[in-house]
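In: sharing a model prediction with you, sequence too.
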Amino acid sequence: MTPYYDPLFFALVGGAKTSPSPFPLVLRDPVTGEIKRTGKTNNLDRRKTEHARGEDTKDLEYEVDKISNDPDARTGREQIIYDQNPQAQSKNGGLNKRRPIGPNNRRRDELMEAGKGL
């Protein structure tokens with residue numbers, strides 16, 4: 001499994017593969033292209049290694065989704081990806097066990113609006 005690391009990505013994050021605020025990512029079935037899991041991480045290499053060892057995730061392609069220095073936009077973007085990919089939710093056979101933004105989160109609308117800007 002080879003992660004997608006865009007050179008522009010590293011330029012925007014100062015060459016670091018870690019961030020104080022997590023980057024949105026997806027795990028995609030390499031045969032169908034279907035997203036099987038959404039998530040985020042503040043350490044790309046560590047998370048890639050964890051997914052490579054995971055029985056359910058080791059054969060999936062790991063991709064960083066969108067790049068932003070805005071943590072609210074990244075959280076909103078993760079929820080957007082989650083909503084757009086119901087097949088990734090555990091109730092539909094996917095690997096996501098929880099929503100990125102809870103339905104009762106007071107900042108939900110603000111986070112979602114920020115995510116739409118990416």
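Out: The structure has been received and is ready for your questions. Numbers count the residues shown, from 1 in each chain.
In: worst-scoring helix or strand of this protein, pLDDT-wise?
Out: Sorted by mean pLDDT, DSSP states H and E, the helices and strands of the chain end with helix 7-12, the least confident at a mean of 47.
In: for the helix or strand encompassing Glu78, which outside residues touch it?
Out: Glu78 belongs to helix 71-84 when assigned by DSSP states H and E. Applying CB atoms under 8 Å, 6 or more residues apart in numbering, the contact partners of helix 71-84 are 21-24, 26, 35, 38-40, 65-66, 68, 88-89, 96, 99-101, 107, 110-118. C-beta coordinates here come from the backbone N, C-alpha and C atoms, glycine included.
In: tell me the mean pLDDT for whatever helix or strand comes next after that helix?
Out: The helix or strand immediately downstream of helix 71-84 is helix 108-116, counting by DSSP H and E. For helix 108-116, the mean pLDDT works out to 96.
In: what angle separates the helix holding Glu78 from helix 108-116?
Out: Inter-element angle recorded for helix 71-84 and helix 108-116: 90 degrees (by axes from the mean of the first three to the mean of the last three CA atoms, to 10 degrees).
In: that older thread, mind checking which of the contacts of helix 71-84 are buried?
Out: 22-24, 26, 35, 38-40, 65-66, 68, 88-89, 96, 100-101, 111-112, 114-115 (16 or more other CB atoms under 10 Å).
In: burial count for Asn104?
Out: For Asn104, the count of nearby residues is 6 (other CB atoms under 10 Å).
In: how much space between it and Ala73?
Out: 21 Å (CB to CB, to the nearest Å).
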